[in-house]
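1. build me a structure from this.
(2 chains)
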Amino acid sequence: MVEQRIDEKTGTPTVGHEWDGIEELDTPMPRWWLWTLYATIVFAIGYAIAYPALPGLTGATPGVLGWTSHGELAKDMAAEQRRLGPTRNAIAAISMTGLLGNAKLLHAAEEGGRAAFKVNCVQCHGAGAAGSKGYPNLNDDDWLWGGDIDAIHTTLINGIRQSGNDATRISQMPAFGRDGILQPAQIQNVISHVRTLSGLEKPSAASRAGAALFAQNCAVCHGDGGKGNRAVGAPNLTDGIWLYGGDRATLTTTITNARGGVMPAWGQRLDPVTIKMLAAYVHSLGGGEATPAPIPAPAQTAANGKP
Amino acid sequence: MANLNEAASPPVFFEARKKVFPRKVDGVFRRLKWVIMAVTLAIYYITPWLRWDRGPYAPNQAVLVDVAHRRFYMFAIEIWPHEFYYVAGLLVMAGIGLFLVTSAVGRAWCGYACPQTVWTDLYQHVERAIDGDRNAQLRLERAPWGPAKIGKRAAKWGIWLFIAFWTGGAWIMYFADAPTLVRDFWSGQAASVAYMTVAVLTMTTFVLGGFMREQVCIYMCPWPRIQTAMLDEQSLVVTYKDWRGEPRTHGTKRTAALIDTSAGIQTGTAIGDCIDCNACVAVCPTGIDIRDGAQIGCITCGLCIDACDEVMLKLDRAPRLIGYATAIDTSLAQRGLPAVVPLRRLFRPRTLAYFAVWSAIGLGMLFALGNRTRIDVAVLRDRNPVWVRLSDGSIRNSYTVNIRNMEDRPRRMEVAVSGLPGAVLWNEATPRGTETKLSVMADADQVIKARLFVAAPAAGPERSDAVFTVRALDAEGGTAHDTTVFERPEVEEHE
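-> Residues are numbered from 1 along each chain as shown, chains lettered A, B, ... in the order given. All right, here's what the predicted structure looks like:
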């Protein structure tokens, strides 16, 4: 039962609740508190007039200040472009080898390249640039067309096997099986030889037969020792890295039908600064070589402890 | 219900502030308040201008909260964001320090050192200088608006605003190099947040110190509530000694009674020392009557003690009819017994416990500060790709090594990897060789990111621990290490 009354001692009304003789005074709120409430109401009205606020069927009231989140974003993006301007101009003006000598600019270029890579390159090379079957891993130290920053830059601009571009990286491996250059048994012998080059197989009668075939048919591009030739994008067959696979079945397919991957000529799609940044990024992934590209030093064979 | 309806007026839901016009007073506690006001304001305004030489790589301001660079400088101490627990520790110490002070001397913080009290006090002095003392202020308040009143109000509010502006202006000095900021501020080149902060603090100081005053203590501040819960029978509170003062009488009757008692003749009813002059009420900055007993509005500033002592002195009576006393002292005095020795009250289990916790945290932090390393390493392993096969058949993992150099000078550091047989370590700048360590330059007071490559033979466990150790190569030295993982392909691809 609610029984409100005036408290004798203070002259203040009670709330009317009572708990074992304990009552609560209904002390009036301070007046300024009420003003604060009115002030927030006034602010809310002003806010609703100034900013988008009242929802309708197809949108909200625009607000007299004309503020929109899209406009805010456009402004932020424009500011970001202005902020990046000087860095982009500096990258545009510097040579690729010069960029390698400018640590601060190089860092900026690598980060810009990382972002551009995520948009343009991950579809084939993967988000971590680790590639997949037929698409080179850009993290390793094995390069088909050269791994110094100028070579990477050139490859990016002109692409690989792009018709109508004189500077594109181009070569054509014959389809030895399909075109009847080698018989299936001969191909198996060549495979045996190729697999001995990187230590995947021990020398055998088949591999010795294959060695002669290799010298006649393959060495012109891959070299006598099978070390490859970057001028024609011929892979090194002696190392531990296989673009399509080093097992017999895959090698049979490779030699029978030939391989020839392609990459767009990014010079026609991206601006020069972005391509430079992409080259810097790819060069930074761990396999980048010094300029001018030296022949890679013989790797420590001790570490190559495969049977 | 019936009772409420009998009330003369309907219930009031909102109540206007009853303005307080505290009278000027002089005395021991007033003088103590002057000293504390001078000291606290001096600390507040002067601290940002103190210089402290930290060399060319760090700011030279003794106390600086460098939000932009995420550093906190306090004299010889530099705090990084990851060391924020020192700041948290300081806050805990401040909290326990308030408990300690409250249990030892009651609401001394409220009465003397709280910024709300100090600035309100300052504003009231300005008010008295312009408008005159209590009675003149009351007259002016009631007077209709005219040139004189407008002039006085403009002068008072102008000075208040000026003080408020300097209050906000001093605050921002803690967050940037003070001399530079002053130049930038007046030439319009300071960050907009500086102007906004000054504007907000100017308004809050002006409103809270000039108009809200005791309303802040009574309605807005949580601390009085916490303190009322913390007070016990041994806490110092401002006490009206009613056993001495009551029944209160007015001056003339009082004198007559005095003569009678001094003659040793008890005539009529007993008369107390309180002459109901209302001096204690007139000087109170929160507008309460201390004779009603301890209450939440009492900030224990002691001004009523000064006022009452003045009156008692004039009447040739013993001072401290109003005085600081504990509840225990009060009940002892009512029975005519002497008060508890102050030292015994100060050193009681509760104060000692607070002091023990407070000093334990303080000493713990000092110890941690003295022993902290100014070098740290955190290694992040690349997870895409997890591993890379190199042309020689070995496996490479890539790591981003964050090296934190917390000294205000560049330091050359050596990074080494251990725990991996046959491993080599290199980075973009130093070509791959046979080393398992390399040196990097860590910029002064910075975290540097070093991207490092580690290659190891393909034969080995799928996951093995790798330990990165960073060692400073200067005379001071110091090392830090972090353990991470080196990953190899799941299954060997070859037969």
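
2. okay, buried residues for stretch B:68-79 please.
-> B:Arg71, B:Phe72, B:Tyr73, B:Met74, B:Glu78, B:Ile79 (16 or more other Cβ atoms under 10 Å in any protein chain shown). C-beta coordinates here come from the backbone N, C-alpha and C atoms, glycine included.

3. want to throw those residues into JSON lines with distance to chain A and pLDDT?
-> JSON lines is the format used below for the buried residues of stretch B:68-79 (distance: Cβ to the nearest Cβ, whole Å; pLDDT from 0 to 100):
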{"residue": "B:Arg71", "distance to chain A": "22", "pLDDT": "92"}
{"residue": "B:Phe72", "distance to chain A": "28", "pLDDT": "93"}
{"residue": "B:Tyr73", "distance to chain A": "27", "pLDDT": "94"}
{"residue": "B:Met74", "distance to chain A": "32", "pLDDT": "92"}
{"residue": "B:Glu78", "distance to chain A": "25", "pLDDT": "91"}
{"residue": "B:Ile79", "distance to chain A": "28", "pLDDT": "92"}
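
4. let me have these in TSV, adding distance to B:Cys114 and secondary structure as columns.
-> As requested, the buried residues of stretch B:68-79 are exported to TSV (distance: Cβ to Cβ, whole Å; DSSP: H, G, I helix; E, B strand; the rest coil):
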residue	distance to B:Cys114	secondary structure
B:Arg71	29	strand
B:Phe72	24	strand
B:Tyr73	26	strand
B:Met74	22	strand
B:Glu78	30	strand
B:Ile79	26	strand
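
5. so how far is chain A from the most centrally placed residue in chain B?
-> Centroid check for chain B by Cα atoms, centre = their mean gives B:Ala94 as the closest residue, at 6.7 Å. B:Ala94 sits 29 Å away from chain A, taking Cβ to the nearest Cβ, to the nearest Å as the criterion.

6. what about that residue, which helix or strand?
-> Taking DSSP states H and E as the criterion, B:Ala94 maps to helix B:85-105.

7. most widely separated two among the buried residues of stretch B:68-79?
-> B:Arg71 and B:Met74 (10.5 Å; Cβ to Cβ).

8. for the chain, longest helix please?
-> Picked chain A for this. helix A:69-93 (DSSP state H).

9. my question was about chain B
-> helix B:147-172.

10. so the helix or strand following it versus helix B:147-172, what angle?
-> Where DSSP H and E defines the elements, the next helix or strand beyond helix B:147-172 is helix B:178-186. For helix B:178-186 against helix B:147-172, the angle by axes from the mean of the first three to the mean of the last three Cα atoms, to 10 degrees is 130 degrees.

11. need the CA coordinates for helix B:178-186. CSV is fine.
-> Below are the C-alpha coordinates for helix B:178-186, written out as CSV (Å, rounded to 0.1, in the frame of the first residue of the first chain):
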residue,chain,number,x,y,z
ALA,B,178,54.6,24.2,-24.0
PRO,B,179,56.6,27.1,-25.5
THR,B,180,55.9,25.8,-29.1
LEU,B,181,52.2,25.3,-28.3
VAL,B,182,51.9,28.8,-26.9
ARG,B,183,53.3,30.2,-30.1
ASP,B,184,51.2,28.0,-32.3
PHE,B,185,48.1,28.6,-30.2
TRP,B,186,48.3,32.4,-30.6
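
12. any idea how far it is from the chain center?
-> 25 Å (Cα atoms, centre = their mean, to the nearest Å).

13. now do the helix holding B:Ala94, average pLDDT.
-> In this model, helix B:85-105 has a mean pLDDT of 92.

14. which helices and strands does the longest helix of chain A pack with?
-> Contact analysis of helix A:69-93 by 3 or more Cβ pairs under 8 Å, 6 or more residues apart in numbering or on different chains; DSSP states H and E lists helix A:103-120, helix A:272-283 as its packing neighbours.

15. looking at those helices, which is closest to B:Arg471?
-> Counting by Cβ to Cβ, and looking across all of these, nearest comes helix A:103-120 at 22.9 Å.

16. other residues contacting the closest one?
-> Here helix A:103-120 makes contact (Cβ atoms under 8 Å, 6 or more residues apart in numbering or on different chains) with A:87, A:90-91, A:94, A:99-100, A:125, A:127, A:129, A:266, A:269-270, A:273-274, A:276-282, A:284.

17. show me the shaky parts of chain A.
-> A:1-2, A:292-307 (pLDDT under 70).

18. one step back: from the chain's centre, how far out does the helix holding B:Ala94 sit?
-> On Cα atoms, centre = their mean, the centre of helix B:85-105 falls 9 Å from that of its chain.

19. ok, back up a step: which residues sit against the longest helix of chain A?
-> Contacts for helix A:69-93 (Cβ under 8 Å, 6+ apart): A:Leu99, A:Leu105, A:Ala108, A:Ala109, A:Gly112, A:Pro272, A:Val273, A:Lys276, A:Met277.
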